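> Need coordinates for the following:
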Amino acid sequence: MTAGNTGDLLRDHAEPQRATYVELFFDVILVFALTRLSHTLFHNLTWLGALHTVILLAAFWWVWVFTAWTTNRLNPARPAIQLVIIPIMLGTLIMAGAVPTAFGENGMIFAATYVVIQVGRALFVTVALHGREVAIGTLQQLIWFCLSGVLWIVGALTEDITRVVIWLAAAALGYTMSRLDFRLPKLGPARIATQTVNAEHLAERYQQIMIVAFARRSWPRAGSSPRSASDETG
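Next up is the predicted model:
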């Protein structure tokens, strides 16, 4: 992808900044992942279970945040962008499926999927925006994701408390690199905060998360059956 056609992938901030159906489906998947986390915590109501939940929640949250920022900068209605978002959605589903045993036998599935999502998305944006100044900031993100990805993979190769400690360090590194604005020697900060964003679009994404989450609470629970008309009138 060359610099000559990157403009086609960028959002036109003069147009209405409504979230697309692809983004809505991604939000639904995130809420599903959060539900899996809450159910897993419910069955392991201990301090260690809470720590497990916080670590996995950080992973899901960073996937959603950076993907939302990507679709805020790039136009998710373009097929090329959708071909990136859809695999991220599928990857998030895989991570959600691995949640109950992420600190057990499915640790590598969770970690590897997370790393592929973060590194793959940053790599795509870096290539897509090649030749533009903002591509340098995305390249810095890519480098940091690779560094934190090493910790996630190494942690998946360990067991028990060792995995908890390494993944906690990986989650902390994810928070730190964001606070440092993906600063690197000679390159300085990525200056993500100074890039053009559309507040309307991001606000709608957060609103969608809340709407889907509240709607999720009204869905019938697994194994339950709708109340009969006689129950409702009784």
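> in the protein, what secondary structure element scores lowest on mean pLDDT?
Lowest mean confidence among the helices and strands of the chain (mean pLDDT, DSSP states H and E): helix 229-233, at a mean of 43.
> Who are the packing partners of the helix or strand containing Ala112?
Per DSSP states H and E: Ala112 is located in helix 107-128. The contact analysis (3 or more C-beta pairs under 8 Å, 6 or more residues apart in numbering; DSSP states H and E) places helix 107-128 against helix 47-73, helix 79-98, helix 134-156. All C-beta atoms are positioned from the backbone trio N, CA, C, and that covers glycine.
> Which among the ones you listed is found nearest to Phe124?
Judged by C-beta to C-beta, the one of the helices and strands packed on helix 107-128 that comes nearest to Phe124 is helix 79-98, at 5.2 Å.
> Mind giving me the packing neighbours of the closest one?
helix 21-42, helix 47-73, helix 107-128.
> And the ones you listed: which comes nearest Leu83?
helix 107-128 (9.0 Å).
> Now do the closest one against helix 47-73, angle only.
Interaxial angle, helix 107-128 versus helix 47-73 (axes from the mean of the first three to the mean of the last three C-alpha atoms, to 10 degrees): 20 degrees.
> pLDDT of helix 107-128, averaged?
Helix 107-128 carries an average pLDDT of 91.
> buried ones in stretch 63-75?
For stretch 63-75, burial by neighbour count (16 or more other C-beta atoms under 10 Å) applies to Val63, Trp64, Phe66, Thr67, Ala68, Trp69, Thr70, Thr71, Asn72, Arg73, Leu74, Asn75.
> Then stretch 113-129?
Neighbour counts over stretch 113-129 (16+ other C-beta under 10 Å) mark 113-115, 117-126, 128-129 as buried.
> ok, now which ones touch Val99?
Ala33, Arg36, Leu37, Thr40, Leu56, Phe110 (C-beta atoms under 8 Å, 6 or more residues apart in numbering).
> Please repeat the previous calculation with a cut-off of 6 Å.
Shown in contact with Val99 (C-beta atoms under 6 Å, 6 or more residues apart in numbering): Arg36, Leu37, Thr40.
> Which of these lies at the shortest distance from Ala102?
Nearest member of these to Ala102, counting by C-beta to C-beta, is Thr40, at 8.5 Å.
> For the closest one, grab the count of nearby residues.
18 (other C-beta atoms under 10 Å).
> And the buried residues of stretch 63-75, which is closest to Met95?
Of all these, Met95 sits closest to Val63, with 7.6 Å by C-beta to C-beta.
> Excluding chain neighbours, what is closest to that closest one?
Nearest residue to Val63, sequence neighbours excluded (C-beta to C-beta, 6 or more residues apart in numbering): Ile117, at 5.6 Å.
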